[in-house]
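J.: coordinates only, sequence not included:
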């Protein structure tokens with residue numbers, strides 16, 4: 001669940017968000033904040049899908065090295081990542097980590113920590129995001145019903 005399940009539903013959510021916002025996913029620059037099990041799996045899934053530019057930020061140097069081994073680009077500064085990415089996905093567990101002033105006009109933001117996202121979707125939209133969602137709407141609505149139904 002925490003790796004493959006989250007990566008699959010996140011990819012589905014990103015594809016849907018891109019269609020809604022008129023963004024070409026394979027040409028977009030994607031930033032992943034948090035490179036733990038879920039974050040790294042999301043990066044790998046996006047790169048396997050064909051996304052060419054995947055950046056990642058994490059406090060752990062080891063996590064950033066793993067991302068680099070898979071073909072992603074580590075970034076040390078969250079403001080820098082937010083400033084250069086068309087799509088930002090966060091899986092840190094740190095409520096309020098993404099500041100409203102970092103949100104770029106037209107960005108897609110998936111702040112997936114549950115139950116408290118890195119930025120509330122309403123705040124991200126108010127700040128200019130074209131599309132924003134949290135873990136409740138991605139994991140809980142998109143992923144878990146299908147996963148549990150498949151298990152049953």
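T.: Perfect, I can see it now. This structure is a prediction, so every number in the text was calculated from the model and none was measured.
J.: quick one, helices of the chain?
T.: Read by DSSP state H, the chain holds these helices, from start to end of the chain: 4-21, 37-49, 61-70, 78-84, 121-126, 135, 144-151.
J.: highest average neighbour count across those helices?
T.: Looking across those with neighbours counted as mean count of other C-beta atoms under 10 Å, the highest average goes to helix 135: a mean of 25. C-betas here are computed from N, CA, C, even on glycine.
J.: Just give the nearest non-adjacent residue to residue 72, would you?
T.: Closest residue to residue 72 apart from its sequence neighbours, by C-beta to C-beta, 6 or more residues apart in numbering: residue 54 at 4.3 Å.
J.: what sits against that neighbour?
T.: Counting by C-beta atoms under 8 Å, 6 or more residues apart in numbering, residue 54 touches 30, 31, 32, 43, 46, 47, 67, 71, 72, 73.
J.: rewinding a little: nearest to residue 99 among the helices of the chain would be which one?
T.: Proximity to residue 99 (C-beta to C-beta) singles out helix 78-84 among those, at 8.3 Å.
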